[in-house]
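Undergrad: Sequence and predicted structure are below.
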Amino acid sequence: MTPERLAAFWVYLQTGPLFWLTLTLAAYLVAQALARSARMHPLINPVAIAVALLVTVLTLTRTPYERYFEGAQFVHFLLGPATVALAVPLWQHREAVRSALLPMVVALLVGSASAVVSAVAIAWALGASAATLVSLAPKSVTTPIAMAVAERVGGLPSLTAVLVIATGMLGAMTAGPLLDRLGVREPRARGFAVGLAAHGIGTARAFQESTLTGTFAAIAMAGNGVITALLVPALFAVLG
Amino acid sequence: MLLDLFLLLAFQLLGELLVFLLALPVPGPVVGLVLLFALCLIRRRVPATLETTARALLAHLSLLFVPAGVGVMLHFARIATEWPAILAALVLSTWIAVAVSGRLFAALLARTRASAAEDRP
């Protein structure tokens, strides 16, 4: 194969989703294999590794993000059905949910407010721009919800997506050791905390502890999604 | 498998429709989640093979965040100028949210268990 033909093939590949879609799965499989070989150490986060690999390839090939996303959007789209699918573990643990309903509602309201207010207050105190502040507010909730919320209050949805994912990785990496230090050993509370603060990436991590932990993470993630969607527009309406 | 995928998409669509019609401030997939949960409660079981499909989809939940995460490359300039504020806000706020919700929920759970024990003769 001559370099010219190879270049022509490369141009041809750019017209369809096949190449970047395949590469997204490949990067994730590599990242997952690395995480497994590190025995699922919380600091070896598969999302962080996959993102780093893909950004490197895109930068080296001078591929704009928009072209990458034309292929990767098929993976991104599945976030919607996956959110709906959370109804299944929720239903399977309905008894555990029912018995803890009131504590859950109270902890959701307080936890959700603490996540939003602390992020905005700290960034504001350190002089972040208005667009960054608004984009930061929904950082603890799952990407599709956070992006919709950011758009509603005049933030940058794509920046919000990045902040959300960074939060998820941070939460997945540090929530376990932090909860150990705080003496929180109750599996439902551990799951609840990581799901509330670090949405789906935290929930994925919580499912590695146990399905009960994972389910409470999923509940906190869904609940925080709903509350943040209501809270953030109200907060910015008050702040003007 | 096909029916399960249809169900998930149909509930998401139904969620989007309700959000549009009622001008709800909540995203469509979350309404879809609530509706599917309600269906499970009414029918007292998860539709057929949905359990397996949902488990397969949720097992790879973190993969689904990768395309949006790669979007970090669009914001390198902003992050380069504002990184101290962004980093401090993300790290501290995540720890605050974990600590507040974890401690509070654990304390509330312990209290409901204690009061349930008192109720018993």
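TA: Cool, the structure landed.

Undergrad: How many neighbouring residues does A:E209 have?
TA: 15 (other C-beta atoms under 10 Å in any protein chain shown). Every residue, glycine included, has its C-beta placed from N, CA and C.

Undergrad: Then B:I79?
TA: If we define neighbours as other C-beta under 10 Å, then B:I79 has 17 of them.

Undergrad: ok, and does the top helix by length along chain B reach over to chain A?
TA: Counting by DSSP state H, the longest helix found in chain B is helix B:76-119. Yes - for helix B:76-119, a contact with chain A is found by C-beta under 8 Å from any C-beta of the partner chain, at B:78, B:82, B:84-86, B:88-106, B:108-112.

Undergrad: Buried ones only from those, please, as a PyMOL command.
TA: The PyMOL selection below is limited to those of these classed as buried (16 or more other C-beta atoms under 10 Å in any protein chain shown):
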select buried, chain B and resi 78+82+85+86+88+89+90+93+94+95+96+97+98+99+100+101+102+103+104+105+106+108+109
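
Undergrad: what mean pLDDT does the top helix by length along chain A have?
TA: When chain A is parsed with DSSP H, its longest helix is helix A:211-239. Mean pLDDT, computed over helix A:211-239, is 87.

Undergrad: Sketch out the low-pLDDT regions of chain B for me.
TA: The model of chain B has pLDDT under 70 over residues B:115-121.

Undergrad: Name the residue closest to the centre of it, please.
TA: Nearest residue to the geometric centre of chain B (C-alpha atoms, centre = their mean): B:V30, 7.7 Å.

Undergrad: Could you double-check that that one lies in contact with A:I145?
TA: Yes - the criterion here is C-beta atoms under 8 Å, and B:V30 meets it with A:I145 at 6.4 Å.

Undergrad: list the residues that contact both of those two?
TA: A:G225, A:A229 (C-beta atoms under 8 Å, 6 or more residues apart in numbering or on different chains).

Undergrad: Tell me who's in contact with B:G71.
TA: Residues in contact with B:G71 (C-beta under 8 Å, 6+ apart) are A:Y65, A:F69, A:S158, A:A161, A:V162.

Undergrad: Name the member of the residues you listed with the most neighbours.
TA: Neighbour max across the contacts of B:G71 (other C-beta under 10 Å) = A:A161, 27 neighbours.

Undergrad: Let's verify it: helix, strand, or coil?
TA: Put simply, A:A161 is helix when judged by DSSP: H, G, I helix; E, B strand; the rest coil.

Undergrad: Enumerate every residue touching it.
TA: With C-beta under 8 Å, 6+ apart, A:A161 has these contacts: A:T143, A:A146, A:M147, B:A68, B:G69, B:G71.

Undergrad: Inside helices: which ones of those?
TA: Counting by DSSP H, the contacts of A:A161 place A:T143, A:A146, A:M147, B:A68, B:G69 in helices.
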